[in-house]
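Q: Let's see this in three dimensions:
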Amino acid sequence: MPLPSPRDGERKSKFMIRCMVDLTAKDEFEDVKQRAAVCASRFDKAESKASIVVQNPWDDNDIYYHFLKSSEKEMGHYFDTKEKALKDAEELGLKGFHTHKNDDGQTMYMAGPDHKSFMKRHNEILKEKESDSSLWENIRKKKERIKSGSGEKMRKKGDKGAPTPDQIKKAKD
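A: From the prediction side, this is the model:
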């Protein structure tokens with residue numbers, strides 16, 4: 001089975017948790033130290049594919065990567081003019097634009113005051129578009145994490161953060 005890879009903007013600490021749980025669920029790398037080494041290696045190797053590396057100078061574990069070319073959906077938001085980027089910003093509900101240099105050194109324009117703001121809004125929109133059938137997938141994954149000893153608990157009906165009756169009904173349809 002494929003090994004986990006860091007997601008765009010995912011901090012190393014979050015990736016390590018997700019990777020360890022994923023490998024545990026797949027019964028891969030029985031030794032915990034080996035699993036941790038594999039996950040750390042996967043994160044470090046992803047740096048070569050990253051367009052932007054963000055690291056806290058006071059904390060080596062506070063690091064994450066942005067993969068600007070990893071998603072075709074994101075690539076549709078790079079423009080050759082400021083006007084096009086501003087129009088896209090308006091459609092996304094963002095203000096302003098920021099710039100990036102492509103591999104050829106050409107300046108490309110992107111919606112939002114900075115890349116972090118763009119990615120936050122981009123991910124919000126993607127989540128809104130995702131099918132609510134992913135509710136069942138999220139429940140399945142949480143049960144797997146609990147089974148592998150994550151210490152989490154399933155929320156009860158009516159608890160804060162539990163799926164609402166409307167969300168469940170929508171997911172069933």
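Q: So residue 16 sits against residue 39, correct?
A: Yes: using CB atoms under 8 Å, residue 16 makes contact with residue 39 at a distance of 5.3 Å. Any C-beta I mention is one placed from the backbone N, CA and C, and that applies to glycine too.
Q: How many residues are close by residue 65?
A: 25 (other CB atoms under 10 Å).
Q: That one and residue 19, how far apart?
A: Separation of residue 65 from residue 19 (CB to CB, to the nearest Å) stands at 14 Å.
Q: Residue 16 and residue 39: who's more crowded?
A: residue 39 (24 against 20).
Q: List the residues that contact the residue nearest to that one when sequence neighbours are not counted.
A: What sits nearest to residue 39 in space, not counting adjacent residues and going by CB to CB, 6 or more residues apart in numbering, is residue 19, at 3.7 Å. Going by CB atoms under 8 Å, 6 or more residues apart in numbering, residue 19 touches 3, 4, 35, 38, 39, 42, 43.
Q: For the protein, which segments count as helices?
A: For the chain, applying DSSP state H gives helices covering 12-25, 32-46, 72-75, 82-92, 115-129, 134-147, 165-172.
Q: quick one: which of the ones you listed is nearest residue 108?
A: Among these, the nearest to residue 108 by CB to CB is helix 82-92 (8.6 Å).
Q: Alpha carbons only: can I get stretch 82-98 in PDB?
A: Once non-C-alpha atoms are left out, stretch 82-98 reads as follows in PDB (Å, rounded to 0.1, in the frame of the first residue of the first chain):
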ATOM      1  CA  LYS A  82      -2.900  41.600 -11.800                       C
ATOM      2  CA  GLU A  83      -6.400  42.200 -13.200                       C
ATOM      3  CA  LYS A  84      -7.100  38.500 -13.600                       C
ATOM      4  CA  ALA A  85      -5.800  37.700 -10.100                       C
ATOM      5  CA  LEU A  86      -8.000  40.500  -8.600                       C
ATOM      6  CA  LYS A  87     -11.100  39.100 -10.400                       C
ATOM      7  CA  ASP A  88     -10.300  35.700  -9.000                       C
ATOM      8  CA  ALA A  89      -9.800  37.200  -5.500                       C
ATOM      9  CA  GLU A  90     -13.200  38.800  -5.800                       C
ATOM     10  CA  GLU A  91     -14.800  35.500  -6.700                       C
ATOM     11  CA  LEU A  92     -13.100  33.700  -3.800                       C
ATOM     12  CA  GLY A  93     -14.000  36.400  -1.400                       C
ATOM     13  CA  LEU A  94     -10.400  37.600  -0.900                       C
ATOM     14  CA  LYS A  95      -8.800  41.000  -1.200                       C
ATOM     15  CA  GLY A  96      -5.700  41.900  -3.200                       C
ATOM     16  CA  PHE A  97      -3.100  39.700  -4.900                       C
ATOM     17  CA  HIS A  98       0.400  38.300  -4.300                       C
END
